[in-house]
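Enquirer: okay, structure incoming, though there's no sequence with it:
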């Protein structure tokens, strides 16, 4: 899928410099950044679900420990 990404001149310069430093294209750098962002969000969602489940499961025990 093609898409247009509009960056400020400053952001484009930073992206270009990072891509050159890493020896990759700007596109490869952006794709990796997107993957990293999405994986981080997926992990955060999984952690939220696990914490919600744990709090519900051990609600009574946690309340007693707090007394």
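Expert: Everything's here; your move. What you see is a predicted model, and the numbers here were worked out from it, not measured in a lab. Residues are numbered from 1 along each chain as shown.

Enquirer: host element of the nearest residue to residue 26 once chain neighbours are set aside?
Expert: Leaving aside its sequence neighbours, residue 26 sits nearest to residue 19 (CB to CB, 6 or more residues apart in numbering; 4.6 Å). For every residue, glycine as well, the C-beta is placed using N, CA and C. In the assignment (DSSP states H and E), residue 19 maps to helix 9-22.

Enquirer: so which bits of the very next helix or strand once past that helix are buried?
Expert: Counting by DSSP H and E, the element after helix 9-22 in chain order, helix or strand, is helix 26-57. Within helix 26-57, the residues that count as buried by 16 or more other CB atoms under 10 Å are residue 29.

Enquirer: mind listing residues that contact the helix or strand bottoming out on mean pLDDT in the chain?
Expert: Across the helices and strands of the chain, mean confidence by mean pLDDT, DSSP states H and E is lowest for helix 59-65: a mean of 89. With contact meaning CB atoms under 8 Å, 6 or more residues apart in numbering, helix 59-65 is reached by residue 55.

Enquirer: sweet, I'm off.
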